[in-house]
Structure formats: structure tokens, C-alpha cells
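Chemist: Give me the fold of what follows.
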Amino acid sequence: GIFSPLVEAAKITIGDDDLKQLRADVIVKHSKVIGAFVDTSTSPFGRIALKKLFEAADKNGDGVLTPSEIKEACSALGFTWIDDDKSKSLVERADVDENDVIDFEEFVKSTPKVLRTNLIRLAKKNGNDLGFLV
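Modeler: Just a heads-up that it's a prediction; the model follows:
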């Protein structure tokens with residue numbers, strides 16, 4: 001990635017062990033920021049954000065999300081690893097009333113965990129792609 005030369009120089013300057021520790025510290029802090037953001041889901045602001053996310057995912061406007069809408073929304077967020085099987089599994093886990101779709105209340109209950117997990121995964125992927133993890 002673009003930052004690989006800088007990271008290699010940092011290894012030489014501060015040493016591999018210190019760089020690994022610095023990287024670990026940054027990852028922990030970044031994960032805490034993601035967690036704090038996701039934890040706002042229970043606040044009025046968080047509820048508005050979830051509503052907008054739900055509406056954006058609900059492509060046909062029928063008030064529920066299908067596995068294909070979930071997959072498309074996850075892809076738009078950068079979660080390209082959410083394939084057909086995983087999106088179906090997300091719906092199955094969230095679908096309390098067992099009607100094979102997710103309504104808004106089911107979405108509100110299930111989305112924070114999905115976001116937390118996948119935002120952290122996306123951050124690691126992006127860090128690797130940019131060369132921060134060489």
C-alpha cells in the first residue's frame with residue numbers, strides 16, 4: 001500500500017517491537033472509537049441514524065429488508081465479504097417474528113452488533129490495503 005515505505009522506515013527507526021506495540025495501541029483506540037459510535041444507537045441521534053440507514057437499505061420502500069437488500073447495503077458500506085449466505089444468516093438471526101425479512105425494530109436490535117464487528121473488520125482491511133500493517 002501507499003504507506004508501506006513509511007511503515008518500513010518506522011520499523012528501522014523505532015524497531016519492530018515498538019512499532020507493533022504502537023500499531024496495537026492505535027488499533028485498540030480505533031476500535032474504542034467505533035464502539036463509542038455504535039453505542040450511540042440507543043440515543044435519539046442514533047435512532048435517527050439507524051432510521052436513515054434502514055431507509056437507504058430498503059430499496060423498494062416496503063418497510064422491510066430482504067437478504068438481497070441487506071447484502072447490497074453491506075456492500076455499499078464497504079462490507080464486501082457479506083455474501084448471499086451471510087446476508088441470509090443476518091436476516092435469520094435478526095428475524096424475531098420469523099417472516100424471512102427484517103422490519104425496523106428488528107433492524108434496530110441487530111444492527112449495532114453487525115456494525116461494530118464489520119466496521120472493525122473494514123478498518124483492518126483498509127489499514128492493510130494502505131500498507132499500515134506491513
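
Chemist: Centre of the chain to the helix ranked longest in the chain, how far?
Modeler: What stands out as the longest helix in the chain, according to DSSP state H, is helix 104-130. Relative to its chain's centre, helix 104-130 lies at 2 Å (CA atoms, centre = their mean, to the nearest Å).

Chemist: helices or strands up against it?
Modeler: helix 16-39, helix 44-57, helix 84-94 (3 or more CB pairs under 8 Å, 6 or more residues apart in numbering; DSSP states H and E). Any C-beta I mention is one placed from the backbone N, CA and C, and that applies to glycine too.

Chemist: For the next helix or strand after the second one, the averaged confidence score.
Modeler: Translated: helix 44-57. Following helix 44-57 in sequence order, the next helix or strand is strand 64-65 (DSSP states H and E). Mean per-residue pLDDT for strand 64-65: 98.

Chemist: and strand 64-65, what other elements does it pack with?
Modeler: strand 102-103.

Chemist: Tell me the buried residues in stretch 109-119?
Modeler: Neighbour counts using 16 or more other CB atoms under 10 Å place 110, 111, 112, 114, 115, 116, 118, 119 of stretch 109-119 among the buried residues.

Chemist: which of these lies closest to residue 35?
Modeler: residue 116 (6.2 Å; CB to CB).

Chemist: So that closest one versus residue 30, what's the distance?
Modeler: For residue 116, the distance to residue 30 (CB to CB, to the nearest Å) stands at 12 Å.

Chemist: residues contacting the residue nearest to residue 78 when sequence neighbours are not counted?
Modeler: Distance criterion CB to CB, 6 or more residues apart in numbering; nearest residue to residue 78, sequence neighbours excluded, is residue 122 at 5.0 Å. For residue 122, the contacting residues are 77, 78, 79, by CB atoms under 8 Å, 6 or more residues apart in numbering.
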